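Participant: for reference, the sequence and a predicted model appear below.
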Amino acid sequence: GENVEQHPSTLSVQEGDSAVIKCTYSDSASNYFPWYKQELGKGPQLIIDIRSNVGEKKDQRIAVTLNKTAKHFSLHITETQPEDSAVYFCAAYTGTASKLTFGTGTRLQVTL
Amino acid sequence: DSGVTQTPKHLITATGQRVTLRCSPRSGDLSVYWYQQSLDQGLQFLIQYYNGEERAKGNILERFSAQQFPDLHSELNLSSLELGDSALYFCASSVGAKGYNEQFFGPGTRLTVL
């Protein structure tokens, strides 16, 4: 089945700096890659997603890139703010299994 | 607020017991997904229902079962509970049957098995 690896597990950046989180997946049939943000005591919330026919997608300070050949995708957050502090999860959707497989999460801390 | 509601928020029970977790999807969503989040396993997909029918199955134990009712709310039943079942259980919902539709997560139920 699909296996998603996520790095780093923790990331500390200063306010205003950029943060990058990377994920790799194993199943070449995966075709949908969402990113979720989970704040303390809450459920995950979708922040951006990308489909396999697109190489890059941007939404204000957040961008995601996908390299299908290498089977990896990344989340880029620019001009980080303290409210960006949370745990971020990447995921990959495989149609054959009809399920989302999540990475292990990255705890992002934005310091003043 | 995602529009997905889950009850109860917290549940404390003993080993060997049975509990039921309840989820109400967003208005208009036909799919309900159940996930387990533990410290060592991360977010694991358990099962999906679409319009009352089981749609996809993940790493769900035989001691666990779920159903979706005609009003689209769903229940996850956990029986013969073990210490290792302690975790956060999330319900998510989406409009369509496919998992690549945006999934909206509820606030979760924290289960503690003593």
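Facilitator: Received, thanks.

Participant: report the buried residues of stretch A:29-45.
Facilitator: A:30-38, A:43-44 (16 or more other C-beta atoms under 10 Å in any protein chain shown). Any C-beta I mention is one placed from the backbone N, CA and C, and that applies to glycine too.

Participant: contact partners for residue 50?
Facilitator: In the absence of a named chain, chain A is used. Counting by C-beta atoms under 8 Å, 6 or more residues apart in numbering or on different chains, residue A:50 touches A:32-34, A:56-57, A:64-66, A:73.

Participant: chain B was what I was after
Facilitator: B:30-32, B:68, B:96-97.

Participant: now, the buried residues of stretch A:29-45 that are in strands?
Facilitator: Using DSSP state E, the members of the buried residues of stretch A:29-45 that fall in strands are A:30-38.

Participant: tell me which residues are up against the lowest-mean-pLDDT helix or strand in chain A.
Facilitator: For chain A, counting by mean pLDDT, DSSP states H and E, strand A:99-102 ranks last in confidence among helices and strands (a mean of 92). Strand A:99-102 is contacted from outside by A:1-4, A:25, A:34, A:36, A:89-94, B:42-45, B:48, B:56, B:58, B:99, B:103, using C-beta under 8 Å, 6+ apart.

Participant: show me what residue 24 is bridged to.
Facilitator: All of this refers to chain A. residue A:5, residue A:72 (DSSP bridges).

Participant: could you do chain B instead?
Facilitator: Here residue B:24, judged by DSSP bridges, has bridge partners residue B:5.

Participant: tell me the pLDDT of it.
Facilitator: pLDDT recorded at residue B:24 is 98.

Participant: residue B:71 now?
Facilitator: For residue B:71, pLDDT reads 96.

Participant: that one should be in a strand, yeah?
Facilitator: No. Counting by DSSP: H, G, I helix; E, B strand; the rest coil, residue B:71 falls outside a strand, being coil.
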